[in-house]
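**Q** below is the sequence, then the predicted model.
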Amino acid sequence: MEWEIYEHRNIAKIIKKLPIAIVKKYDYWKNLMSVYGPDILRGRIGLHDEKLKGERKHQRSSRLSLQYKVVYEVHNNEVIVYVIDITAHKY
């Protein structure tokens, strides 16, 4: 079963501003997600997939690097993933 990936309309604009290494990692993330679904991400140490807290408690994030992460949602246990944002976070 293949998962469908829907990207927020701003993702294309965000990708144009990202370093090429992050774009490649995002493509890798999308390939994993479309073939295996979100459960495969929890087993990948480098992606550090986690559930978010607070207002974003219904969303998850995966690391693309130490600085960048992708924020996404899985709706109703369907085979649809909505990519919300790719953002640089501060420590």
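**A** Received it, and whenever you're ready, just let me know what you need.

**Q** for the residue nearest the centre of the chain, what are its contacts?
**A** Centrality entry for the chain: nearest residue to the mean C-alpha point is residue 70, 3.6 Å, by CA atoms, centre = their mean. Contact criterion CB atoms under 8 Å, 6 or more residues apart in numbering gives 26, 29, 61, 62, 64, 83, 85, 86 as the residues in contact with residue 70. Glycine gets a C-beta too; all of them are placed from N, C-alpha and C.

**Q** state the three-state secondary structure for it.
**A** Of the three states, residue 70 takes strand under DSSP: H, G, I helix; E, B strand; the rest coil.

**Q** list the contacts of the helix ranked longest in the chain.
**A** Within the chain, and with DSSP state H defining each element, the longest helix by residue count is helix 20-36. Contacts of helix 20-36 from elsewhere in the structure, counted by CB under 8 Å, 6+ apart, are 2-5, 15, 18, 40-41, 44, 47, 62, 64-65, 68, 70, 72, 81, 83, 86.

**Q** which of these fall in strands?
**A** 4, 5, 62, 68, 70, 72, 81, 83, 86 (DSSP state E).

**Q** can you select the buried ones among these for me in ChimeraX?
**A** Remark: buried members of the ones in strands among the contacts of helix 20-36, expressed as a ChimeraX selection using 16 or more other CB atoms under 10 Å:
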select :5,62,68,70,72,81,83,86
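
**Q** report the two of the ones in strands among the contacts of helix 20-36 separated the most.
**A** The span of those, defined through CB to CB, is set by 4 and 68 at 23.1 Å.

**Q** for residue 64, grab the count of nearby residues.
**A** Counted with other CB atoms under 10 Å, residues neighbouring residue 64 total 25.

**Q** and the closest residue to it other than its chain neighbours, how many neighbours does it have?
**A** Once flanking residues are discounted, residue 64 sits nearest to residue 25: 4.3 Å by CB to CB, 6 or more residues apart in numbering. Burial measure for residue 25: 21 neighbouring residues, criterion other CB under 10 Å.

**Q** how close does residue 66 get to residue 6?
**A** 27 Å (CB to CB, to the nearest Å).

**Q** quick one: which of the two has more around it?
**A** residue 6 (13 against 10).
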